[in-house]
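In: give me the fold of what follows.
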Amino acid sequence: MNLELRHLKVVCAIAETGSVTKAASMLGLAQPALTAQLQRIERTLGGPLFERDRRGARPTALGELVLARSRVLLPAMKGLQDEAARLAGTGTAMSYRFGGVNSPILGGILHRLGADQPHAQLSTYASWYVDELAQMVLGGRLDYALAGVCGDATPSTEYALTWRTVSVDPVFVMLPEAHPLAAATEVPLDALADEHWAAAPGDGCFSECFATACARAGFTPRKIYETDIRSCIDLVDAGEAVALCQATFRPVSGLVVRPMAGAPLRWRLLLGWHPDAPAARIADQVLGHAMSAYNDSLDRNSLYRTWLEQNPNFGVQQMAAA
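Out: Below you'll find the predicted structure:
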């Protein structure tokens, strides 16, 4: 693993709060996820950065060295990012850069924005990681980020971005047509206790939320394949796994998508931008395009539209500040 600025921010947060748990709360991460990230950082640097006991976390000699360098590098980098963003915003050419991955609405947003501003330059960047997208928006390399977060989680506040909720959706399950539960209206989570699972990667708390939902259903999930969307589909098609998927996903031939009974997992689709960047001037317009593109996606997914009619607490009407 290559050491990145976000790793230095993790080290500083733990030192400032004196606790991995408090640092996780400050950064908007689950505590197990932050612990795992700290362990990766320590492996990269060759030794422990903190002594941890019931009184908290205190820097080791190596930790003090890393902190000293971090407290110089991080402010300098933020200053560079801010100046670059301001300089980039002084140009006259209209360009809008969107970051995200696996979003059902990105194409719709670009289509609508392109129709509004036919001479604008539109570009995209793919990433599985919310922090990476947020850093790029903060640094002026992206104008907007489309990100998904689990349940009521929120992206880290350290990047000072504005986040708005486009939709709140349940997580569905993808099955092969030959699966015994493929004809069910809803699939109880505990009925899938003996399955292998496939899911897309990410750095949020979704894996912990999934494990918790399975525990409530009375089982521990078996093997979990973390891979790209195409490979998830291939695994399900081969009968090797069932896959967690967005409710808006339109299945390919031979596969079906079904709701899970009680909607034990939720996914929020967010649009983020920096409030001081030029892109903030049309952020409300872009948010409107995102909501419209989401509703357009429902026109191509009759199963989910019917589900939403019976579950009005989900969908685009859940828009709220994040």
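
In: over to the residue nearest in space to the middle of the chain: give its phi and psi.
Out: Geometric centre of the chain, nearest residue: Gly148, 3.7 Å, by C-alpha atoms, centre = their mean. Phi and psi for Gly148, reported as degrees, to the nearest 10, are phi -110, psi 140.

In: and it, bridged to which residues?
Out: On the basis of DSSP bridges, Gly148 is bridged to Leu269.

In: is it true that it touches Arg266?
Out: No: using C-beta atoms under 8 Å, Gly148 makes no contact with Arg266, being 10.4 Å away. To be clear about C-beta, it is placed using only N, CA and C from the backbone, and glycine gets the same treatment.

In: overlap in contacts of those two?
Out: Between them, Gly148 and Arg266 share no contacting residue under C-beta atoms under 8 Å, 6 or more residues apart in numbering.

In: past the helix or strand of the chain with the lowest mean pLDDT, which element shows up next along the chain?
Out: The weakest-scoring helix or strand in the chain, judged by mean pLDDT, DSSP states H and E, is helix 61-88 (a mean of 81). Next in sequence after helix 61-88, counting helices and strands by DSSP states H and E, comes strand 95-100.

In: what are the buried residues along that following strand?
Out: 96-100 (16 or more other C-beta atoms under 10 Å).

In: so what secondary structure elements neighbour it?
Out: Applying 3 or more C-beta pairs under 8 Å, 6 or more residues apart in numbering; DSSP states H and E, we find strand 95-100 packed against helix 106-116, strand 121-126, helix 130-138, strand 144-150.

In: measure stretch 270-277 end to end?
Out: Across stretch 270-277, the terminal residues are separated by 18 Å (C-alpha to C-alpha, to the nearest Å).

In: what residues of that stretch count as buried?
Out: Applying 16+ other C-beta under 10 Å to stretch 270-277 flags 270-274, 277 as buried.

In: also stretch 243-260?
Out: In stretch 243-260, counting by 16+ other C-beta under 10 Å, buried: 243-249, 251, 255-260.

In: okay, domains of this structure per the record?
Out: For the chain, automatic domain parsing gives the domain ranges 5-86, 94-322.

In: circling back: can you give me the angle the least confident helix or strand of the chain makes with strand 95-100?
Out: If you take axes from the mean of the first three to the mean of the last three C-alpha atoms, to 10 degrees, helix 61-88 sits at 150 degrees to strand 95-100.

In: Cys209 is in contact with Asp152, isn't it?
Out: No: the criterion here is C-beta under 8 Å, and Cys209 misses it with Asp152 at 10.0 Å.
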